[in-house]
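Asks: What would the 3D arrangement of this be:
(chains A and B)
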There are 2 protein chains.
Amino acid sequence: MSVTAAREYAASGIECGIRRSAPDLALVRSLVPATGAAMFTVNRMQAAPVVVSREHVELAQPQAVVVNSGVANAATGPRGELDARATTAEAARLLDLDAEQVLVLSTGVIGAPLPLAKVLAGLRTATAALSTEGGEDAAQAILTTDTKAKQAVVQGAGFIVGGMAKGSGMIHPNLATMLAVVTTDYPLELGEAIELLRPAVDESFNSISVDGECSTNDAVVLLANGASNAARNDDAFAAALQAICSDLASQIVADGEGATILAEITVTGAASRPEAKAIARRIATSPLVKTALFGRDANWGRVLSAAGSAPYNGGYARLDPARASLSFNGTTVFAAGVPQGQEPELDGASCQIELDLGLGESKASYLTSDLSYDYVRINAEYRT
Amino acid sequence: MSVTAAREYAASGIECGIRRSAPDLALVRSLVPATGAAMFTVNRMQAAPVVVSREHVELAQPQAVVVNSGVANAATGPRGELDARATTAEAARLLDLDAEQVLVLSTGVIGAPLPLAKVLAGLRTATAALSTEGGEDAAQAILTTDTKAKQAVVQGAGFIVGGMAKGSGMIHPNLATMLAVVTTDYPLELGEAIELLRPAVDESFNSISVDGECSTNDAVVLLANGASNAARNDDAFAAALQAICSDLASQIVADGEGATILAEITVTGAASRPEAKAIARRIATSPLVKTALFGRDANWGRVLSAAGSAPYNGGYARLDPARASLSFNGTTVFAAGVPQGQEPELDGASCQIELDLGLGESKASYLTSDLSYDYVRINAEYRT
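Replies: Sure, this is the predicted structure:
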């Protein structure tokens, strides 16, 4: 059910002809006035839908989201922006909303123009198909080379949070985008959605690696329509939102083509939280660490070497080898600067890598997958 | 001849037993008093030889360099530092120098202890073997999984610059180190060597990617003994030094295991030089760009996406899609924000990727290789 699990949401997913014989257009709307928020890629090369949606979310509260797959509408120049605006305008007309109340997200090939006529015709079909049972169809229609739909629902005390996402831990050729739409019937006041969304995204979608790439189209949208009339319990809602985002984020990593192992990198004892995150991220994106994981090699020298070269603030995050300790699946391999002569086993489908820096109280985690032959195969194939 | 091409240098390369049946200990010395400089890895996880050599070069002018391959003496705790100090002390005793006048560099497995007795015995053999014809032997003894020795010589107006290096564009398991030793008989005053070395390294060894990894052991050493008695022409010397460093750096990229194509990334029109370099580096290290190169796919969307997410100063380097233009091998694919519908051919063993940002006058280049199945194979293999 995902985005239609909460009360008073309708969604649909249909084929509009961008992709060959696959659903490629999703529509999600709140049936009663909602508040909301969105977070977008920090890539300077922002796709047209990101430019337009970012503008819309500044001007109005989002009530509906259009998502197309197959074409990213990125690096498409002025035409791409006109196409994204035409998409939101037509959706608004069909849904009796203002264009600024509609967000548009796209995922697919970079540099190819959006087939606008197909999208506009598709929007009419998608509007007609809107259903409070349509979450599953919508979740299917936003996929590209994902092997499965990614959905999550949490039932809170009197409210529901549901979400759908697309993206894969090992990113695909030209289809590098991570998108997520989360809906809830929890009551939020204007302006509150972004305050709740930001920490949830930081601990979930911003803590998965992938391959260090940051797409032109990444976006996470939250709609909150209050239809539950639940009593406010913001801690419970924040926890539910975090759970949905983390669940969707791990589904993304787990669906990585080529991924054979999931690794959770935990950095503790850092001098500051940004440094903990910089180091966890550097380890999680290191090709040497990721190929070692593929080989099921607890190659701790590579982890330490990666940790020592984590970019931070124009320099490198603080690390003192003499205070650092490292373990793989609970086996300590390096303690306070001294190798322990232990060789941990890495034979499962997941592993825990824990680095304690011994410098402070800050910590951060990253979820990553390995770098396999299939990653190279998938990404070296010609665009077809 | 490399490090013994300039006048009054002797070198040797011998087997001391760290590696199995391969030369693994090199010694280079100036036969007359020299001045010199060294630059080391910025990795916070500095290997013991880096810690010791960095200290030595602060205290004295380097006269000799010991290099061992097979063991990196990194992440080896207090014992590693004692081993590195014992190595320089014994070399100094044999060469009649102060320990501070000797630098030690190591490359090989991280976390394994240096077999000190073998190194100390080897130093006696290496000292006895010192020869003004020993450059080739030394260049062989510093290799690990490199497939060939890397040497370069430039004959200037009355002076010679020669160098040797080890490392590979696609970095090896635990053997991620880039080392270079450059010798010259050009006359330099105390303190001048570092001023000349820094820009040469910035444009060469610091402008090759590899896989974004920065080793625990990377080091470049310059010795200048003035034995040519050449007239000073610093522009000519700087150019020769740059040529040697660039030559050695391209030999490193070209020797990358798994590398099937060399790509030169040039970024022009950047708002500042550091931003030009950040963007060139981001493109050169992007797994998506590198796998596309392996597939001979001029996948320009990936190049733009990488360019838009180049970390700089806690944020991202400036890039305005509407001003950016991109070409592959001279074919423009994207001009001032608009796709050009051109599909360049990428079928050779090298390619030129040129990105003009249209923002300013700054530029930078990076040399990179592709990400192939062999990279994964080499790096996923168990440590043996």
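Asks: Ignoring the adjacent residues along the chain, who's closest to residue A:205?
Replies: The shortest distance from residue A:205 to any non-neighbouring residue, by CB to CB, 6 or more residues apart in numbering or on different chains, is to residue A:249 (5.1 Å). Placement of C-beta: from N, CA and C, glycine included.
Asks: Tell me how many other residues surround that neighbour.
Replies: 27 (other CB atoms under 10 Å in any protein chain shown).
Asks: And the one 4 residues further on, by the same measure?
Replies: Counted by other CB under 10 Å, the residues lying close to residue A:253 total 22.
Asks: Now do the phi/psi pair for the residue found closest to residue A:339 once you drop the neighbours it is linked to in the chain.
Replies: Nearest residue to residue A:339, sequence neighbours excluded (CB to CB, 6+ apart): residue B:111, at 4.9 Å. Main-chain dihedrals, residue B:111, degrees, to the nearest 10: phi 90, psi -10.
Asks: same question, the one 5 residues further on
Replies: Residue B:116 adopts backbone torsions of phi -60, psi -40, taken as degrees, to the nearest 10.
Asks: if I've got this straight, the residue nearest to residue A:205 is in a helix?
Replies: Yes: under DSSP: H, G, I helix; E, B strand; the rest coil, residue A:249 falls within a helix.
Asks: Could you measure from it over to chain B?
Replies: Going from residue A:249 to chain B by CB to the nearest CB, to the nearest Å gives 19 Å.
Asks: Was I right to think that residue contacts residue A:208?
Replies: Yes: in this structure residue A:249 lies within contact range of residue A:208 using CB atoms under 8 Å: 4.9 Å.
Asks: Need the residues touching each of those two.
Replies: Both residue A:249 and residue A:208 are contacted by residue A:367, under the criterion CB atoms under 8 Å, 6 or more residues apart in numbering or on different chains.
Asks: so what pLDDT did the residue nearest to residue A:205 get?
Replies: pLDDT recorded at residue A:249 is 89.
Asks: wait, doesn't residue A:344 sit right on residue A:328?
Replies: Yes: between residue A:344 and residue A:328 there is a contact under CB under 8 Å: 4.0 Å.
Asks: Stretch A:327-337 and chain B, any residue contact?
Replies: Yes: using CB under 8 Å from any CB of the partner chain, stretch A:327-337 reaches chain B at A:334, A:337.
Asks: Helices of the stretch 1-150 of chain A, start to end?
Replies: Using DSSP state H, counting those that start in this stretch, the helices of the stretch 1-150 of chain A run over A:48-59, A:77-95, A:116-128, A:135-141.
Asks: Strand partners (parallel or antiparallel) of whichever helix or strand comes after the shortest one?
Replies: If I follow you right, that is helix A:135-141. Per DSSP states H and E, helix A:135-141 leads on to strand A:150-155 as the next helix or strand towards the C-terminus. Looking at strand A:150-155 with DSSP bridges, its partner strands are strand A:160-166 (antiparallel).
Asks: Chain B versus residue A:346, what's the distance?
Replies: For residue A:346 relative to chain B (CB to the nearest CB), the value is 10 Å.
Asks: Could I get the contacting residues of that residue?
Replies: Here residue A:346 is in contact with A:261, A:293, A:296, A:297, A:298, A:328, A:329 (CB under 8 Å, 6+ apart).
Asks: out of these, who's nearest chain B?
Replies: residue A:297 (5.3 Å; CB to the nearest CB).
Asks: host element of the closest one?
Replies: For residue A:297, there is no host helix or strand (DSSP H and E).
Asks: my read: it touches residue B:380, true?
Replies: Yes: taking CB under 8 Å as the definition, residue A:297 is a contact partner of residue B:380 at 7.3 Å.
Asks: hang on, the earlier thing: thought the residue nearest to residue A:339 was touching residue A:301?
Replies: Yes: if you go by CB under 8 Å, residue B:111 and residue A:301 touch, sitting 4.7 Å apart.
Asks: how many neighbours does the closest residue to residue A:75 other than its chain neighbours have?
Replies: Nearest residue to residue A:75 in three dimensions, chain neighbours excluded: residue A:111, at 4.8 Å (CB to CB, 6+ apart). Per other CB under 10 Å, the neighbour tally for residue A:111 reads 24.
Asks: doesn't residue A:76 make contact with residue A:111?
Replies: Yes: using CB under 8 Å, residue A:111 makes contact with residue A:76 at a distance of 6.9 Å.
Asks: who touches both of the two?
Replies: residue B:339.
Asks: so who does residue A:265 touch?
Replies: A:280, A:283, A:284, A:353, A:355, A:365, A:366, A:367, A:368.
Asks: got it, and residue A:83?
Replies: Residue A:83 sits next to A:48, A:73, A:76, A:113, A:114, A:116, A:119 when contact means CB under 8 Å, 6+ apart.
Asks: quick one: the second one from residue B:189, how far?
Replies: As defined by CB to CB, to the nearest Å, residue A:73 lies at a distance of 60 Å from residue B:189.
Asks: the more surrounded of the two?
Replies: Shown here are residue A:73 and residue B:189; by other CB under 10 Å, residue A:73 has more neighbours (33 against 10).
Asks: any weak-confidence spans in the stretch 101-250 of chain A?
Replies: Applying pLDDT under 70 to the stretch 101-250 of chain A flags the ranges A:168-176, A:209-214.
Asks: OK, contacts around the closest residue to chain B within it?
Replies: Closest residue of the stretch 101-250 of chain A to chain B, CB to the nearest CB: residue A:110 (2.8 Å). By CB under 8 Å, 6+ apart, residue A:110 lies in contact with A:47, A:72, A:74, A:75, A:174, A:216, B:301, B:302, B:304, B:305.
Asks: make it 6 Å
Replies: A:72, A:74, A:75, A:174, B:301 (CB atoms under 6 Å, 6 or more residues apart in numbering or on different chains).
Asks: Please apply the same query to residue A:279.
Replies: Residue A:279 makes contact with A:267, A:307, A:310, A:317, according to CB under 6 Å, 6+ apart.
Asks: what about the second one, how many residues close to it?
Replies: If I follow you right, that is residue A:307. For residue A:307, using other CB under 10 Å, the count is 28.
Asks: ditto for the third one
Replies: When counting by other CB under 10 Å, one arrives at 26 neighbours for residue A:310.
Asks: That one against residue A:276, yeah?
Replies: No: using CB atoms under 6 Å, residue A:310 is not in contact with residue A:276; the gap is 9.6 Å.
Asks: Mind listing residues that contact stretch A:300-317?
Replies: By CB under 6 Å, 6+ apart, the list of residues contacting stretch A:300-317 reads A:275, A:278-279, A:282-283, A:286, A:288-289, A:292, A:319, A:326, A:333-334, A:355, B:43-45, B:75, B:110-111, B:174, B:214, B:216, B:311, B:313-314.
Asks: Kindly report the same for stretch A:64-74.
Replies: So stretch A:64-74 is contacted by A:18-19, A:24-29, A:47-49, A:80, A:87, A:91, A:95, A:102-110, A:112, A:114, A:142, A:144, A:181, A:216-217, A:221 (CB under 6 Å, 6+ apart).
Asks: Would you mind measuring the gap between the ends of stretch A:293-302?
Replies: Across its full length, stretch A:293-302 reaches 11 Å between end residues, using CA to CA, to the nearest Å.
Asks: show me the contacts for the residue nearest to residue A:290 when sequence neighbours are not counted.
Replies: For residue A:290, ignoring the flanking residues on the chain, the nearest one in space by CB to CB, 6+ apart is residue A:371 at 3.6 Å. Counting by CB under 6 Å, 6+ apart, residue A:371 makes contact with A:287, A:290, A:291, A:294.
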